[in-house]
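1. take this sequence and fold it.
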Amino acid sequence: MAINVNKVYRVVLSILNKEQRGYLTPDQFNRIARQAQLDIYEKTFYDYNRAFRKQIVGDFREYSDIASNIKEKIDIFAKEATVSCTNGVGSEPSDLHRLIGVFSTTRNKEFEEVRKEEIPYLTGSKLNQPTSIYPVYYNEGNSIKILPSEDISILVDYLTLPADPIWGYNGGGANVYTYNADESTDFEIHQSDETDLVTKILAYSGVIIKDPTVIQVAAQKEVNDFNQDNL
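-> Next comes the predicted model:
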């Protein structure tokens, strides 16, 4: 499902050349590409929440598939990890970006998320006090804290960030670069975002593309050229 970094770079260079906007070096491209990918990734959460809210208020048939399709883009980055807690405190996974939920290791029990400022109220309440049957958790710094405080392992569902895209290369003299696939990292966001990705990279490079067909035509040309080169 990855988006080929070499294809994107070739399309960007093709359009920049057509627009007479100069040359984008691989190092410049890599920096811009990283930011563009992060922008699109974070926008996915906003798009999902918007579609999900419209689904909830009654537009179910129109938006159910939209919300589901957007969620598929997010699920690419879903992971789980087992975290050991000592006296109710465990360390977040090092690659955690957003926490989805906390469960027992058998997944037969879910920890309810609470805010830290709610803890005094919960622990002082006979009715709402956390128990082993109805446990809670909250975040503090890079730690996950559970109540009641126990020495146990928990299962954490979370989202990671996409890996930084890298167009790896050999050479570099006189702006002559040869693509090195072994040193490269493709974009990890969903393939359906490829046009938006190219558009955003071009925007960061000073080129505003209002007609997406320009990108699609350039992309198809690069595919045809690549296939021709490899006959």
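2. which non-adjacent residue is nearest Asp196?
-> Setting aside the residues directly before and after it, Asp196 is nearest to Ile40 in space (C-beta to C-beta, 6 or more residues apart in numbering), at 5.8 Å. No exception for glycine: its C-beta is placed from N, CA and C like everyone else's.
3. am I right that the one you found falls within a strand?
-> No. Note on Ile40: no strand contains this position according to DSSP: H, G, I helix; E, B strand; the rest coil, which reports helix.
4. what pLDDT does the residue lying farthest from the centre of the chain get?
-> Relative to the mean C-alpha coordinate of the chain, counting by C-alpha atoms, centre = their mean, the farthest residue is Lys126 (41.1 Å). The pLDDT attached to Lys126 in the predicted structure is 82.
5. how about the one 10 residues further on?
-> Looking at Val136, its pLDDT stands at 96.
6. residue contacts, it?
-> By C-beta atoms under 8 Å, 6 or more residues apart in numbering, Val136 lies in contact with Phe111, Glu112, Glu113, Val114, Leu122, Pro130, Ile146, Leu147.
7. which one of these is nearest Asn4?
-> Sorting the contacts of Val136 by distance to Asn4 puts Glu113 at the head of the list, at 38.1 Å, by C-beta to C-beta.
8. tabulate the contacts of Val136 in CSV, adding columns for pLDDT, neighbour count and secondary structure.
-> Listed next are the contacts of Val136 as CSV, based on pLDDT from 0 to 100; neighbours: other C-beta atoms under 10 Å; DSSP: H, G, I helix; E, B strand; the rest coil:
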residue, pLDDT, neighbour count, secondary structure
Phe111, 97, 21, strand
Glu112, 96, 14, strand
Glu113, 96, 13, strand
Val114, 95, 17, coil
Leu122, 91, 16, helix
Pro130, 94, 21, coil
Ile146, 97, 21, strand
Leu147, 96, 20, strand
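9. can you tell me how far the residue nearest to Asp196 is from Leu122?
-> Between Ile40 and Leu122 the distance, using C-beta to C-beta, to the nearest Å, works out to 39 Å.
10. go on, Leu159?
-> From Leu159 across to Leu122, the span is 27 Å (C-beta to C-beta).
11. then Val136?
-> Distance, Val136 to Leu122, using C-beta to C-beta: 7 Å.
12. okay, now the sheet partners of the helix or strand hosting Asp157, with direction.
-> Under the criterion DSSP states H and E, the helix or strand holding Asp157 is strand 152-159. Strand partners for strand 152-159, identified by DSSP bridges, are recorded as strand 78-85 (antiparallel), strand 98-104 (antiparallel).
13. closest to Gly141 out of the ones you listed?
-> strand 98-104 (13.0 Å).
14. in contact with Phe187, which residues?
-> With contact set as C-beta under 8 Å, 6+ apart, Phe187 has these partners: Ala2, Ile3, Asn4, Val5, Val8, Ala33, Gln37, Pro162, Pro165, Leu197.
15. do the same with Pro93
-> Residues in contact with Pro93 (C-beta under 8 Å, 6+ apart) are Lys79, Ala81, Val83, Val156, Tyr158.
16. re the thing from before, out of the strands paired with strand 152-159, which is closest to Ile208?
-> With C-beta to C-beta as the criterion, Ile208 lies closest to strand 98-104 of those, at 30.9 Å.
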